[in-house]
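>>> Below: sequence and its predicted model.
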Amino acid sequence: MEESKPTILIADDEERERKVLAMNLKRNYNVLQAQNGKQARELIERNRVHLILTDLKMPEMNGFELLKWANENYKTIPVIIMTAFGTIEDAVEAMKAGAHDYITKPIKLEELNALIGKSITYGKLLEENIRLKERIKKYEGFNEIITVNPKMKSLMELIGQVAQTPATILIEGESGAGKMLFARAVHYLSDRADEPFIEINCGAIPHDLLESELFGHERGAFTGAVSAKKGKFELASGGTLFLDEIGELPLDLQVKLLHVLENQKFTRVGGTQFISTDARIVAATNKNLRREVEEKNFRQDLFYRLKVVYIKIPPLRERKEDIPLLIEHFLRKHSNLTKFQNVLVTEKTRRILQNYDWPGNIRELENVIQQAIIFSKDGRITPDLLPDEILSQWKEEVVEPVEEEFIPLTKDELKLEKQRRTERILNDLERKFLVKLLETTKGNISHAAEISGYDRRQIQNLLKKHDIQAEDFRK
């Protein structure tokens, strides 16, 4: 089958009618044929089907049963019912049961082609809608970037601006500061969000294996290479490759990485054939790469090639106003570790946690909260549950009242902050869906309303809300 053509499945026990339809449709579509609903179901499970065209009265599994099964298992495949003129009531019932449309026999090909085109477009929009909903779920992961710090909020705004571009991004920050979360945010805010997000820690893999992990290898390239293997650049093509701890990359591999960034192609270990890649690169390091360049540990040309967009994540000690929010977040996140419904952090414990410098940053804070929850005997986190290194630093400090800006947000304030973030995400997705809809319909508001399930007024309200002109899509 041609991948560029949509695939239609025709289910009809009348062989002659089925074959005539297939013959007339095969010029523009890949066509599968089934003589009953059971056979149709088997074909759908084995093939990528874009539209089901089915008769209602068939042996073994009739059209109603096929429709019900498709609606339960393949919600994005539209179903068109074929029915004789005298049984339109059955078609109406099928529409109520979830069919997208119906057509009466004898079938007029011009009418059928128009109906098929509209239905396949509708199916594509359903798929797009589902992908957007899935992306909303992924956006929920951004709630882990919890902050009220102005610098952090500025960085998040920057991420929103650059994510849609193909620019390479370099993230610097101490271990545990949240570099991975920012890298994921870049990916899921970009138009690559449905493609792979592949990560590799350049400092965690031995040098002799790292090249193979990055670029793959051919069979027999070295001892133990019993078969060819794809590297991270191949696996991430079309998506995002996150190179964590890029500062640990050996100099010889820095040369090869620079070549890939400049030419978007590479060879596997032991190979001679060039392989193209379209992976968007996000690199991260806990080192000062500029200093590494000065000390000849990192190539200057690679440094500037990576640093198209630069993000410096401040350590937790420079944004201590985030500590109360993070404590509450980790209490909720790890609530399954205790039998107590609500775990309370005492006021003195909060002051101690607020005072500590957190050399391990957010990761260290999470580990401390997690451990304290596990060892709490009464649902309270008291100072004696904290590690010695935190308590020893506290003893050396003069105990002062907690500044007003460090007072934890109330549950209502936390809820409002999360609601505002979710609203921004939903607005962004709503705008993207509207743009996709107008691109599909070439700015025709009536058509957009018809295939989306909205009415004209709702579409016009959305256009006004997002300051979009339908005329811009009619060119």
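Okay, I see it.
>>> From now on I want contacts and neighbour counts done on CA atoms only, so please keep to that.
OK.
>>> Please, which helix or strand holds Lys256?
helix 251-263 (DSSP states H and E).
>>> In three-state terms, label the closest residue to Asp322 other than its chain neighbours for me.
Nearest non-adjacent residue to Asp322, counting by Cα to Cα, 6 or more residues apart in numbering: Thr147, 5.3 Å away. What DSSP: H, G, I helix; E, B strand; the rest coil gives for Thr147 is coil.
>>> Is Leu235 in contact with Ile198, as I believe?
Yes. With contacts counted by Cα atoms under 8 Å, Leu235 reaches Ile198, the gap being 7.2 Å.
>>> List phi and psi for Ile200.
phi -150, psi 140 (degrees, to the nearest 10).
>>> For it, name its beta-bridge partners.
Taking DSSP bridges as the rule, Ile200 bridges to Leu243.
>>> ok, it - how many residues close by?
18 (other Cα atoms under 10 Å).
>>> Neighbours of His100, how many?
Residues near His100, counting by other Cα under 10 Å, number 19.
>>> same check, this time on the one 3 residues further on
Ile103 is flanked by 20 other residues according to other Cα under 10 Å.
>>> For it, which non-adjacent residue is spatially closest?
In space, Ile103 is closest to Met82, 5.1 Å off (Cα to Cα, 6+ apart).
>>> For that neighbour, give me its contacts.
Taking Cα atoms under 8 Å, 6 or more residues apart in numbering as the criterion, Met82 is in contact with 53-56, 91, 102-105.
>>> What confidence value was assigned to it?
Note for Met82: predicted pLDDT of 91.
>>> With Ile468 instead?
85.
>>> Just give me how far stretch 115-123 sits from the chain centre.
26 Å (Cα atoms, centre = their mean, to the nearest Å).
>>> cool, stretch 13-32 as well?
38 Å.
>>> thought Ala470 was touching Lys436?
No. The criterion here is Cα under 8 Å, and Ala470 misses it with Lys436 at 11.7 Å.
>>> For the two, indicate the residue with more neighbours.
Using other Cα under 10 Å, the more surrounded residue of Ala470 and Lys436 is Ala470, with 18 against 15.
>>> Relative to Lys118, how far out is that one?
As defined by Cα to Cα, to the nearest Å, Ala470 lies at a distance of 20 Å from Lys118.
>>> picking that back up, quick one: which of the contacts of Met82 has the lowest pLDDT value?
Ala91 (78).
>>> Packing partners of the helix or strand where that one lies?
Secondary structure from DSSP H and E places Ala91 in helix 88-96. The contact analysis (3 or more Cα pairs under 8 Å, 6 or more residues apart in numbering; DSSP states H and E) places helix 88-96 against strand 79-84, strand 101-105.
>>> Go through those strands and name the closest to Tyr188.
Tyr188 lies closest to strand 79-84 among the helices and strands packed on helix 88-96, at 31.9 Å (Cα to Cα).
>>> Quick check: Phe242 touching Leu181?
No. Counting by Cα under 8 Å, Phe242 sits too far from Leu181 to count as a contact (11.0 Å).
>>> The residue nearest to Asp322 is in contact with Lys320, isn't it?
No. Judged on Cα under 8 Å, Thr147 makes no contact with Lys320 at a distance of 9.7 Å.
>>> Only the C-alpha atoms, please, for the helix or strand harbouring Leu391, written as CSV.
Using DSSP H and E, Leu391 sits within helix 388-395. Presented in CSV, the C-alpha positions along helix 388-395 are these (Å, rounded to 0.1, in the frame of the first residue of the first chain):
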residue,chain,number,x,y,z
ASP,A,388,23.2,15.6,60.5
GLU,A,389,24.7,17.9,57.8
ILE,A,390,21.5,20.0,57.8
LEU,A,391,21.2,20.2,61.6
SER,A,392,24.9,21.0,62.0
GLN,A,393,24.6,24.0,59.7
TRP,A,394,21.5,25.1,61.6
LYS,A,395,23.3,25.0,65.0
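>>> Could you check it and say which residues are buried?
Neighbour counts over helix 388-395 (16 or more other Cα atoms under 10 Å) mark 390-391, 394 as buried.
>>> One more: stretch 205-219?
210-218.
>>> what's the answer for stretch 264-272, then?
264-271.
>>> domains for the chain, by residue range?
7-137, 149-314, 317-408, 412-473 (automatic domain parsing).
>>> least reliable of those domains going by mean pLDDT?
domain 412-473 (a mean of 77).
>>> chain center to that domain, what's the gap?
20 Å.
>>> just to revisit the earlier point, give me the angle between the helix holding Ala91 and strand 101-105.
Going by axes from the mean of the first three to the mean of the last three Cα atoms, to 10 degrees, helix 88-96 is angled at 160 degrees with respect to strand 101-105.
>>> what ranges do the helices span in the stretch 101-250 of the chain?
Using DSSP state H, counting those that start in this stretch, the helices assigned to the stretch 101-250 of the chain run over residues 109-140, 150-162, 179-189, 207-215, 232-235.
>>> Let me have these in TSV, extended by distance to Val31.
Converted to TSV, those look like this (distance: least, Cα to Cα, whole Å):
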stretch	distance to Val31
helix 109-140	13
helix 150-162	42
helix 179-189	35
helix 207-215	39
helix 232-235	32
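>>> List just the one of those helices that sits closest to Ile362.
Per Cα to Cα, nearest to Ile362 of the helices of the stretch 101-250 of the chain: helix 179-189, 10.7 Å.
>>> how distant is that closest one from the center of its chain?
10 Å.
>>> by how many degrees do that helix and helix 109-140 diverge?
With the same axes, to 10 degrees as the basis, helix 179-189 and helix 109-140 are set at 160 degrees to each other.
>>> so who does the closest residue in space to Lys256 that isn't next to it in sequence touch?
Counting by Cα to Cα, 6+ apart, Phe266 is the residue found nearest to Lys256 once chain neighbours are left out, at 8.0 Å. Counting by Cα under 8 Å, 6+ apart, Phe266 makes contact with 215, 256, 259-260, 274-276.
>>> hang on, Arg474 packs against Ile445?
No. If you go by Cα under 8 Å, Arg474 and Ile445 don't touch, sitting 10.6 Å apart.
>>> how far away is Met156 from Leu170?
Distance from Met156 to Leu170, by Cα to Cα: 14 Å.
>>> So for these two, which sits in the more crowded spot?
Using other Cα under 10 Å, the more surrounded residue of Met156 and Leu170 is Leu170, with 27 against 18.
>>> what residues are up against the more buried one?
Here Leu170 is in contact with 282-285, 306-311 (criterion: Cα under 8 Å, 6+ apart).
>>> and with 6 Å instead?
For Leu170, the contacting residues are 283-284, 306-307, 310, by Cα atoms under 6 Å, 6 or more residues apart in numbering.
>>> where's it relative to Ile451, distance?
For Leu170 relative to Ile451 (Cα to Cα), the value is 42 Å.
>>> Ok, Thr272 next?
According to Cα to Cα, Thr272 and Ile451 sit 50 Å apart.
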